[in-house]
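Peer 1: Build me a model:
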Amino acid sequence: MDPREVHRPSMVAGMRGSRAVLQPSTPPSQIPLIICAYYLPLTVTKEGHGKFRAEPAGDRLLASTHAFSHEDLFRVGSTRRKIKFVGTLDVTFEIAPHEEAEVTKVCAEFFCTPVFITSDADRTVFDAFCKRSLWPVFHGIVHPDGMAAAFEQAPAAWPAMLNINRDIATTLARAHEPGDHIWLQDYQVAFVPMYLHRLLRLTPPPVGLFFHVPFPPLSVFRILSHRAELLKSMLQANLIGFHLYEHAKHFLSACKSILGISSPAMVQGQFGIEYGGRRIAITCSQLTVDGARLEKQLATAAVTDEVIAYRQAYPRKLLFAGVDVLDPFHGLLGKLAAFELFLDHHPAQQPRVMLFQFGVLTRFLGTTEYLEKVRTVVERLNSKYSEPVVVFQVTGRNLTCAERLALWRVAEVYVSTVLQEGLNIGAYEYIVAHKNATGIAILSERAASSRLLHGALVVNPWDLPSVAKAMATAVLMPAKEREFRRDCDLVTIGSHSPVRWAYCVVQDIAKAAAIVKAGTHFLSESPTVLQLLQTDKFLDLYRKSSRRVFFFDYYRTLAPDVSSDFGIVWPDVPVSVLSSLEQLCRDKRNSVFVVSGCNCELLSDKFGSVPGLGLVAEHGYFLRWAYLGHSARIDKPWELYGDVFRVNAACGKWREKAQSIMQIYVDRTNGSALEMRRSSILFRYAKSDPEYGLLQALDLREQLELQLANWPLNIIQGKDYIEVRPDGLGKGKIVAQILNKLQKDSETPLDFVMAMGDDVADELMFDAVDSFAKTTHVPTVVTCTVGHKATQATYFLEDQMQVVTLLNGIRLALTKSNRNYSVSDMQTMLGRHMHHIPQISFTSTPPSLVGEAAGVSRKNSAKTLRSGLTPVLEEDHGSTDDVANATRRRWKRYVFLCTVVGWGLYRYRGSLLRHWRKWSVLAVVLAIVAGKATSDDIDEDEAKTVWEGPRRRSTASFKEED
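Peer 2: I've put the predicted structure just below:
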């Protein structure tokens, strides 16, 4: 929005200014924390007689190949409050319901709370869904065969995913205490924020969600059938973290394209996006390993004995080493092919080198199909050369830290050729293990660790000759160069320790939550709490007031949003909404207006059937007043607001110039369109690619500001459009003008003002209403926004359907109260408001912009009136006795017709007898003509009663018409 139009700081600017104030006073080491992952860092075994034993899993916190240790996160000291863990148990035996209490007690000794899945079938389907569907999609590589299997289990997979996340969220809610911060780990618990928001809605805790897997490009992410639900659940967290900016960029692109979220703003090194009235922080940070802890473990007897065993088994061998999950994403087949290529190009190295490869195949990770392919290649390589060159071992569990360190210590070269990867600490462990030795790492450019370890040899995993060349370089590299590369990486690892990383993430969660709390869980600068507008609450305020004004936005407020399906199409207003507006307009104490950016003809078409409704078009450029008993389609001129058209004399020039510039960008931006209005020109790019459309819009705005700098114009960037319009326009200004005029002309001071809208432009209405209320001391002000967003409003409704529900409730309540009037009350109301007889006129010419258009008047039948075809009521009023006079005139016409027919029969009875056939035909024709004329007059009188209502109508019939 143009800063000249809204004189208040933006939400981002406000957050920049208040950042220091919102810093949490509690240091991260003292913040109570609940870490939630799919698996607990515990190993639980079942002993005899219903007894269970639990012990720390050592270095496992996540269900990934090399999971970081929960011991790495925080050094638990006397000043550190205990961390609590919530997650499921990775056990092979079944835990009966009566055994859950005992298991919970055993786990509590390690500050862990287990989640018991209510359905084993859900657990099985969930594991398969994560393994076959989510894991491939998040890694950006989807095979048709794998997706076919995923489609077969899709009907059961989605409910299982929700059920397990609901079970985890329920356990989290029970374990949560006031002040606890919740840190969710990885994609398996991505739906937990949604359920936490529902379970702890009144006291929402600070929630962070960190993804340890890559986030895929938009083209791949769209494969998921429930992609929107996943994004919405993730956005219920206060902070969302990724290891790489590339992953965060893909996430932001998905939010922009699928949910329509505007571009993020950068605040102190973090992206921030607004969704649901809240600011969600997006952070990118990597962790490595705790070097000091690993050095201590390297000196243990377990690691030393394992190192000796390796060297005795493979003496005088230069070992290449790797540990990979047995799935296509880790590129193990490519690694073997590159190793074969290296041996073929350097035959002298064949007796000297060996590849020692571990393959991880667990219930959750890896596939047996891929295992068979790897074994086939390994057997072929070992049979190809004079002696075995590959040692391949399959493990059904994640290797322990000691086992990995022993392997890294004896290996001269670490090789990783993953095709896509998030968290993997294997390379960091390898560098630390070679602190006093000379080792070199070969890393895929798709590995997250390659962004930190600049001393490694980075390769393209798809370019096998380059991988083979890197293997040769590593073998032949001088020791001095190896030491230099190692030392560079050791410095990097030391500056990105898990302790520092965890402290930063927890602090960011606290900061993000503090920003939201400062805005009362909604990014509102108002000190009041944003409340849901209830029908009962509204009616209570309504009945206490006596002079009311209503302002409603049209699109996405009174009418549904259809832009995502049809582009620029203006939907019809639901009949129930029109009826509710008409009910409000019937009360002479109400003034109701629809304020929109649409043109005059569109508003007249959509709201023309509502008597007494005022219309404001093109953000206040045109205004049409409507009084009680008058239709919004009156053929009266639209008023121009003030002197905003002071550039009218040169209107054609600036419009031509702006249009020519915009047309260039329309031609270059697929899906964009040019919208011409009387007061403005718009470049719309809602149907374009979100990122490309935004880039084009930003460039277009710069060009327009440069070319139109000398004109009194505003160049406004909206959600999906760029608008050029005369300076001085805006919903806020026209609303202020209307309120001032009504206050001046009204005998009774205004005591109730309501404004409702969904767009950023509607914030101007809220500002104007608040300012007017403070100046004139209006006791009741209701400002309501549609949807959760940063707002100045005091109330909110979830969506347009809730607006319809609210208006329906108001209409029913007001209709019911009107039925309690007596017959005399109704007659009094009729005499006040419905006493005139309208003269019906139609026009075939569009309304003039500067004066009243001449209409072509003609008489209309009751059928036309009943069908509701654009009746236009003149301002002259008839007497209430016209109804009785119309009845008397009708009977006079009947008597006159009967007299004429009787006299004619008597006078020409002779001729009729002689020429009875000829005269009978003529009589029939005359009777038809006379009857038609009389019928039209009678219908017109009846039509007048439709508009006015007869005095003698009973109370029951009046109720029926209502």
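
Peer 1: Which stretches in the stretch 251-400 of the chain count as strands?
Peer 2: Applying DSSP state E, counting those that start in this stretch to the stretch 251-400 of the chain gives strands spanning 265-267, 270-275, 278-284, 318-325, 353-360, 390-395.

Peer 1: Now those strands in CSV, please, with extra columns for mean pLDDT.
Peer 2: Shown next, in CSV, are the strands of the stretch 251-400 of the chain (pLDDT from 0 to 100):
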stretch, mean pLDDT
strand 265-267, 68
strand 270-275, 82
strand 278-284, 88
strand 318-325, 94
strand 353-360, 94
strand 390-395, 93
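
Peer 1: Let me have the ones you listed in a markdown table, extended by distance to residue 176 and mean neighbour count.
Peer 2: In this view, the C-beta of every residue, glycine as well, is placed from N, C-alpha and C. Formatted as a markdown table, those follow (distance: least, CB to CB, whole Å; neighbours: other CB atoms under 10 Å):
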| stretch | distance to residue 176 | mean neighbour count |
| --- | --- | --- |
| strand 265-267 | 28 | 15 |
| strand 270-275 | 23 | 20 |
| strand 278-284 | 19 | 22 |
| strand 318-325 | 33 | 22 |
| strand 353-360 | 34 | 21 |
| strand 390-395 | 37 | 16 |
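
Peer 1: nearest to residue 705, of those strands?
Peer 2: Closest approach to residue 705 among those (CB to CB): strand 265-267, 20.2 Å.

Peer 1: Spatially nearest residue to the residue nearest the centre of the chain, not counting backbone neighbours?
Peer 2: Nearest to the mean C-alpha position of the chain, by CA atoms, centre = their mean, lies residue 259 at 4.0 Å. Nearest residue to residue 259, sequence neighbours excluded (CB to CB, 6 or more residues apart in numbering): residue 231, at 5.8 Å.

Peer 1: What residues does the one you found make contact with?
Peer 2: Residues near residue 231 by CB atoms under 8 Å, 6 or more residues apart in numbering: 254-255, 258-259.

Peer 1: again, only using 10 Å
Peer 2: Counting by CB atoms under 10 Å, 6 or more residues apart in numbering, residue 231 touches 190, 221, 224, 251, 254-255, 258-259, 261, 275.

Peer 1: so the host helix or strand of it versus strand 270-275, what angle?
Peer 2: According to DSSP states H and E, residue 231 maps onto helix 227-234. Put simply, helix 227-234 runs at 110 degrees to strand 270-275, going by axes from the mean of the first three to the mean of the last three CA atoms, to 10 degrees.

Peer 1: average pLDDT for helix 227-234?
Peer 2: Averaged over helix 227-234, pLDDT sits at 93.

Peer 1: what's the answer for stretch 512-525, then?
Peer 2: For stretch 512-525, mean pLDDT rounds to 52.

Peer 1: likewise stretch 178-196?
Peer 2: 93.

Peer 1: Verify the stated contact: residue 730 with residue 764.
Peer 2: Yes. Contact status for residue 730 versus residue 764: in contact at 5.1 Å, counting by CB atoms under 10 Å.

Peer 1: before we move on, the earlier item: report the backbone C-alpha coordinates of the helix holding residue 231 in CSV.
Peer 2: Taking Å, rounded to 0.1, in the frame of the first residue of the first chain, the C-alpha atoms of helix 227-234 are listed here in CSV:
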residue,chain,number,x,y,z
ARG,A,227,-0.2,-30.0,0.3
ALA,A,228,-2.4,-27.0,1.4
GLU,A,229,-3.3,-28.7,4.7
LEU,A,230,0.4,-29.5,5.3
LEU,A,231,1.4,-25.9,4.8
LYS,A,232,-1.4,-24.5,6.9
SER,A,233,-0.4,-26.8,9.8
MET,A,234,3.3,-25.8,9.6
